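# generate coordinates for the sequence data below:
(chains A and B)
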Amino acid sequence: MEHNDIERLDRISAHLHALLHNEQPGLLDLTGHKEDEIRQVGQFVNSLSEALSALTNAAHLLSIGDMDVQIVAKLPACHHLKNLQATLRHLTWQTGQIAKGDFSQRVEFLGEFSYSFNWMVEQLDAYRQRILGQNRELERLATTDPLTGVYNRRYFMDFATKEFLRSQRYSHVFSAIQMDIDHFKKINDTHGHAVGDEVIKAFTVMCQEVLRESDMLGRVGGEEFSIILPETDRAGALIVAERIRRAIADLKVYADDHVVRFTVSIGLTSLRQDDAGIEAVLRRADEALYLAKNGGRNKVLSG
Amino acid sequence: MFKEERTAPQFDWSHLGDIEWGRPNLGPQTAVAVYRLMQFTLRDAIISHTDVATANRIFYDAGLSAGKAIHEHLLSNTRDFDRFIAELQETLRKLAIGILRVESSDMRTHRFVLTVAEDLDCSGLPMSDELVCTFDEGFIAGLFSAHFGKQFTARETDCWCTGDRVCRFEVVLADA
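The predicted structure is shown next:
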């Protein structure tokens, strides 16, 4: 081997050494060399040098989260890097989906990370379900009567107010019913509060059997109940109230070895044009209830 | 039905026939190589008789019909995009067509970037520096057009044959 060849091989060797040690060797100067073999080796080294430089740059950008980096080098390692880039882009999209509430997203092809990520999503979903369940339960507790499960006074009044405004806006009709279990104190005094509770429960069950899905029953006091009948005029409300009165009069509540029978007094009214608010409607129904009570109980009267 | 002259597509799902009845012993599956044999000999013949642009147009349009047919017959008619993608991912995997993943989705501009890994058309093909998944482009455009009720186009930007390990597609509104 001639001295010149040894010198060229030395330069190529130094160039490769620099590449392996993460240095920037620049391009080999190939001018002036006549031997094809040496020139070709030099060209390969330069191509490798460029490809490695591009790969290093792409890997660096990807490692700091730049997922739009263009990976153009043709080295096999670049294919894997592009595959990782596609996976990370998809993972980014999936994370956004999870943030939007899509907990069906699962990561694949990332080994232990997939397992941990998917476990995290499952836990988040389970936690969210628990919170939602608790919220539903809190809402139920805040809006219903614990003894009977029917809506409490506050929720009933909200509903009644909305129904009043809706009916007024669209010139529709609705009716309100006020009910009071007759001689309820006597039932409590005679049979005890536990039996009184059973009577209250049986009363609401019977009312719900008579009412439609769209009707709203609320427990507004101890033995006082109210109903809103949307899209129902006075004649329709009288039919419903009379059905309830008769059903309750026929109802038997079994408590220990006793059979408890009771009645209900009912007052009702329908929306009028000059009603200023839901309070005016309910007051009129209350007055009718008062008359029913004073008129001998177990009656339906309209105001 | 199959050999009538036509100027517009007439493909109907019933043209696939009753496979269960027709192949009681061999069943509904075949090898990926057989699918590719058909795809690439067909492409070869079309290019021989016409040119590359015509072959691409034919494959794209065929994919478009296939995408719309799959949407009509194998996916629900959900209007929800996330649900659509989830169903599509499951269907493509079940049919061993590929592993679909979404890289970005912009519902405002209707621009989407998708990748398909282990693609039926190209994964494992020799490197050629060509984007070869023309049928897939039409197929994806057909699926998106059917989902949104608007014409979409799909363009392949990376392919196994250009050195990638997934095929990447940009999907946009046709008039965008």
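# list the contacts for B:Ser104?
By C-beta atoms under 8 Å, 6 or more residues apart in numbering or on different chains, B:Ser104 lies in contact with A:Arg89, A:Trp93, B:Arg111, B:Phe112, B:Val113. Placement of C-beta: from N, CA and C, glycine included.
# apply 10 Å and report the result again.
Listed by C-beta atoms under 10 Å, 6 or more residues apart in numbering or on different chains, the contact set of B:Ser104 reads A:Met67, A:Arg89, A:His90, A:Thr92, A:Trp93, A:Gly96, B:Arg111, B:Phe112, B:Val113, B:Leu114, B:Glu170.
# A:Asp66 now?
So, once contact is read as C-beta under 10 Å, 6+ apart, A:Asp66 ends up touching A:Ala58, A:His60, A:Gln85.
# assign A:Asn46 to helix, strand or coil.
helix (DSSP: H, G, I helix; E, B strand; the rest coil).
# by contact count, what packs against the top helix by length along chain A?
In chain A, assigned by DSSP state H, the helix with the most residues is helix A:111-143. Under the contact definition 3 or more C-beta pairs under 10 Å, 6 or more residues apart in numbering or on different chains; DSSP states H and E, helix A:111-143 sits against helix A:76-99, helix A:153-169.
# ok, which of the ones you listed comes nearest chain B?
Nearest of the helices and strands packed on helix A:111-143 to chain B, taken as C-beta to the nearest C-beta: helix A:76-99 at 3.9 Å.
# which elements pack onto the closest one?
helix A:36-63, helix A:111-143, helix B:81-94, strand B:99-106, strand B:111-117, strand B:152-158, strand B:166-173.
# buried residues, the longest helix along chain B. List them.
In chain B, taking DSSP H as the definition, the longest helix is helix B:52-74. For helix B:52-74, a neighbour-count test (16 or more other C-beta atoms under 10 Å in any protein chain shown) marks B:55-56, B:58-71 as buried.
# the inter-axis angle of that helix versus helix B:81-94?
Orientation check (axes from the mean of the first three to the mean of the last three C-alpha atoms, to 10 degrees): helix B:52-74 against helix B:81-94 gives 100 degrees.
# mean confidence (pLDDT) on helix B:52-74, please.
For helix B:52-74, the mean pLDDT works out to 97.
# poorly predicted segments of chain A, please.
Scanning chain A for pLDDT under 70 picks out A:1-2, A:22, A:25, A:29-38, A:73.
# which residue packs closest to B:Phe11, ignoring adjacent ones?
Once flanking residues are discounted, B:Phe11 sits nearest to B:Ser65: 4.7 Å by C-beta to C-beta, 6 or more residues apart in numbering or on different chains.
# how about A:Gly218?
For A:Gly218, the closest residue by C-beta to C-beta, 6+ apart turns out to be A:Phe156, at 2.7 Å.
# and that neighbour, how many neighbours?
23 (other C-beta atoms under 10 Å in any protein chain shown).
# I'd assumed A:Val220 was in contact with it.
Yes - the pair A:Phe156 / A:Val220 is scored as a contact, 6.1 Å apart, by C-beta atoms under 10 Å.
# gap between A:Tyr127 and B:Gly67?
Per C-beta to C-beta, to the nearest Å, A:Tyr127 is found 38 Å from B:Gly67.
# next, name the residue at the spatial heart of chain A.
A:Leu132 (6.3 Å; C-alpha atoms, centre = their mean).
# burial check on residue 119, number of neighbours?
Went with chain A since none was named. 10.
# my question was about chain B, not that one.
B:Asp119: 22 surrounding residues under other C-beta under 10 Å.
# got the phi and psi for it?
phi -70, psi 140 (degrees, to the nearest 10).
# report how many residues lie close to the closest residue to it other than its chain neighbours.
Distances taken as C-beta to C-beta, 6+ apart place B:Gly98 nearest to B:Asp119, at 4.5 Å, with adjacent residues excluded. If you count neighbours by other C-beta under 10 Å, B:Gly98 ends up with 22.
# from A:Arg297, how far off is B:Gly98?
77 Å.
# ditto for A:Val69
A:Val69 is 85 Å from A:Arg297, by C-beta to C-beta.
# next helix or strand past the helix or strand that contains A:Gly267?
Using DSSP states H and E, A:Gly267 sits within strand A:264-270. Following strand A:264-270 in sequence order, the next helix or strand is helix A:278-294 (DSSP H and E).
# on that earlier part again, of all the contacts of B:Ser104, which two lie farthest apart?
The most widely separated members of the contacts of B:Ser104 are A:Gly96 and B:Glu170, with 18.4 Å between them, by C-beta to C-beta.
# and the longest helix of chain B, what does it pack onto?
Using 3+ C-beta pairs under 10 Å, 6+ apart, helix B:52-74 sits against helix B:32-49, helix B:81-94, helix B:134-148, strand B:152-158.
# about what we covered before: please report how far the residue nearest to the centre of chain A lies from chain B.
19 Å (C-beta to the nearest C-beta, to the nearest Å).
# kindly report the same for A:Val195.
To chain B, A:Val195 is 53 Å away according to C-beta to the nearest C-beta.
# number of residues surrounding B:Trp13?
When neighbours are counted by other C-beta under 10 Å, B:Trp13 registers 11.
# so what's it up against?
Taking C-beta under 10 Å, 6+ apart, one finds B:Ala69, B:Ile70, B:Glu72, B:His73, B:Leu74 in contact with B:Trp13.
# give me every residue in chain B lying close to chain A.
B:80, B:82-83, B:85-86, B:89, B:99-105, B:112-117, B:127, B:129, B:158, B:160, B:162-168 (C-beta under 10 Å from any C-beta of the partner chain).
# what do you get if the cut-off is 7 Å, keeping everything else the same?
Proximity of chain B to chain A, by C-beta under 7 Å from any C-beta of the partner chain, involves residues B:Asp82, B:Ala86, B:Arg101, B:Val102, B:Glu103, B:Ser104, B:Ser105, B:Thr115, B:Gly163, B:Asp164, B:Arg165, B:Val166.
# spit out the contact partners of the first one.
So that's B:Asp82. Going by C-beta atoms under 7 Å, 6 or more residues apart in numbering or on different chains, B:Asp82 touches A:Gln97, A:Asp102.
# okay, it: pLDDT?
92.
# just the fifth one next, same as before
The model reports B:Glu103 with a pLDDT of 94.
# count of neighbours near it?
22.
# what sits against it?
B:Glu103 neighbours (C-beta under 7 Å, 6+ apart): A:Ala86, A:Arg89, A:His90, A:Trp93, B:Val113, B:Leu114, B:Thr115.
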